[in-house]
Structures are given as C-alpha cells and as structure tokens.
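Q: Kindly generate the corresponding structure for this input.
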Amino acid sequence: MKIVVIGGTGLIGRQLCKNRQALGHDAIAASLSTGVNVISGEGRQDALQSADVVVDVANSP
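A: Numbers count the residues shown, from 1 in each chain. This next block holds a predicted model:
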C-alpha cells in the first residue's frame, strides 16, 4: 500500500513513515525538503499519484 505522509520529515511524520515501512508499506514523506509545498501545491500532484492513503501531520500556518 502506498501511503503519502504530508509533513513526513517532521518529528511525528518521520516516525510514522518509519513504522509503516517496517510493516511493509511504501510510505513516502511529502514535505518541503522532498519537493512538496503544501501551501502552494507545488509537487503535490506527483507525490499523491497512485496513493492509497494520505496522512497529514504538517504544521503549516
């Protein structure tokens, strides 16, 4: 299962990705450092392509 974690490089997101990967899922961290800007939407379409689940743990304004 492909899981996209918005805010996936932060404190909670990093742990969530790690835990899901340990269970055999394809957990993808989506954040500014991976080219996804949740405010402007830049990179979002590519990151969400064929995602089964999206989890938002971003701390955006």
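Q: Can you name every helix or strand that the longest helix seen in the chain contacts?
A: Once the chain is assigned using DSSP state H, the helix that runs over the most residues is helix 11-22. Packing partners of helix 11-22 (3 or more C-beta pairs under 8 Å, 6 or more residues apart in numbering; DSSP states H and E): strand 2-6, strand 26-30. No exception for glycine: its C-beta is placed from N, CA and C like everyone else's.
Q: out of those, nearest to N19?
A: strand 26-30 (8.1 Å; C-beta to C-beta).
Q: buried sites along the lowest-mean-pLDDT helix or strand in the chain?
A: Every helix and strand of the chain was ranked by mean pLDDT, DSSP states H and E. The lowest is helix 44-48, at a mean of 95. Applying a neighbour-count criterion of 16 or more other C-beta atoms under 10 Å, one finds 44, 47 buried in helix 44-48.
Q: start at 293 instead
A: Done: numbering now begins at 293, and the last item shifts to helix 336-340.
Q: Name the surrounding residues that touch that helix.
A: Outside helix 336-340, the residues that touch it by C-beta atoms under 8 Å, 6 or more residues apart in numbering are 296, 320, 322, 326-330, 346.
Q: Convert it to CSV, retaining C-alpha atoms only.
A: Coordinates of each C-alpha in helix 336-340 appear next as CSV, following Å, rounded to 0.1, in the frame of the first residue of the first chain:
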residue,chain,number,x,y,z
ARG,A,336,1.7,17.7,-4.7
GLN,A,337,0.3,16.0,-7.8
ASP,A,338,3.3,13.9,-8.4
ALA,A,339,3.6,12.9,-4.7
LEU,A,340,-0.1,11.9,-4.5
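Q: roughly how far out does that helix sit from the chain middle?
A: Its chain's C-alpha centre lies 10 Å from the corresponding centre of helix 336-340 when counted by C-alpha atoms, centre = their mean, to the nearest Å.
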